[in-house]
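**Q** this one's sequence-less:
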Ligand code: F6R
């Protein structure tokens, strides 16, 4: 039930710190180790490449987890769109492991890939929010997100739960492989810091609502830019904004903007820059300057240690490869207010269904 909330989406945004803690309860054993089926962990660790297959927001979650998985497990990760991968399967590695990310567990595009990888005899894991769902039944292994039902069409808590679940799996696989990076990575410790950070961000509702009034109330288009993990959050932020507020939004690799797309910048175009990486932050700031000089209204979402005076949204500092978990929260709220302030039905955007069961 949505109780006093005007829309499920706002409730589901608010639930994210609780979901982080719930995942810890579900997957942490009494010694602080990861409690996941050993056979699953063994099979992932024995693979020479992980293929993450998903659509939409789940696809963006796959990208957000890629660099963490690679750095802690030392296994290369490919993230692929179900609807493309299934019909143009690339040359696969010798020992692939397939991970299907799907909130609903019913997405037809993703299922057609699973049917094929099953026929090929490859091991698979479905990470889903719905026990007993089709992709859960048909994959060899399942990990549940325990995020509670997600009612709003726009996915929020499933995105962060998927990244957190992959972080937990990553720890187990890294530990088994005895990788150097795994020695200093404690997913549960990081998720607890992240849960607190998320709480600080969801408390910024009134401020973010005002920010939307100021910068996004009448705009027909907008850009999110970032580099590395910030680019992946930019992609998710843009998807969220367009699907519920109908603002034409694009998530762009900050450095790529000047190679063509900058032609779209006009007087007053909102450009939101996400900066959580020390090494790329200055470059993204440079790109924001470029668009500002062409008339854009820029908004900076930056981690506290990288923030500069005048930045509009300050993010708490968390593990450098899990910044997407906190950076995405203000962008979810920005999308929410952009839709609500326009008077739309936030939970039921036009032309969309919660689970997409046709290819
Ligand atoms: C966006 C959204 C969709 C889904 C996509 C995949 O907010 O909800 O992009 O993420 O349709 O759905 P699942 O994860 O159920 O496979």
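**A** Structure's in. What do you need? Everything numeric here is computed off the predicted structure, so don't read it as measured data. Numbers count the residues shown, from 1 in each chain.
**Q** I'd like the distance between the residue nearest the centre of the chain and residue 262.
**A** Relative to the mean C-alpha position of the chain, the nearest C-alpha, by CA atoms, centre = their mean, is the one of residue 61, at 3.4 Å. Relative to residue 262, residue 61 is positioned 28 Å away (CB to CB, to the nearest Å). (Glycine included, C-beta is placed from N, CA and C.)
**Q** Show residues contacting stretch 284-299.
**A** With contact meaning CB atoms under 8 Å, 6 or more residues apart in numbering, stretch 284-299 is reached by 211, 215, 223, 225-227, 230, 254-255, 257-258, 262, 265-275, 300, 308, 312-313.
**Q** mind checking the SS state of whichever residue of the stretch 251-359 of the chain sits closest to the ligand?
**A** Using CB to the nearest ligand atom, residue 356 is the residue of the stretch 251-359 of the chain that sits closest to the ligand, at 4.9 Å. Following DSSP: H, G, I helix; E, B strand; the rest coil, we place residue 356 in the coil state.
**Q** Look at the residue nearest to it when sequence neighbours are not counted and report its pLDDT.
**A** Closest residue in space to residue 356, ignoring its immediate chain neighbours: residue 107 at 5.6 Å, by CB to CB, 6 or more residues apart in numbering. For residue 107, the pLDDT comes out at 97.
**Q** my read: residue 107 touches residue 135, true?
**A** Yes - using CB atoms under 8 Å as the test, residue 107 is close enough to residue 135 to be in contact (7.3 Å).
**Q** who's more crowded, those two?
**A** A direct count of neighbours by other CB atoms under 10 Å for residue 107 and residue 135 places residue 107 higher, at 30 against 26.
**Q** Could I get the contacting residues of residue 352?
**A** Residue 352 touches 153, 243, counting by CB under 8 Å, 6+ apart.
**Q** mind redoing it with 10 Å?
**A** Counting by CB atoms under 10 Å, 6 or more residues apart in numbering, residue 352 makes contact with 56, 153-154, 243-244.
**Q** One more: residue 55?
**A** 62, 81-84, 101-103, 107-110, 356.
**Q** Quick check: phi and psi at it.
**A** Main-chain dihedrals, residue 55, degrees, to the nearest 10: phi -130, psi 160.
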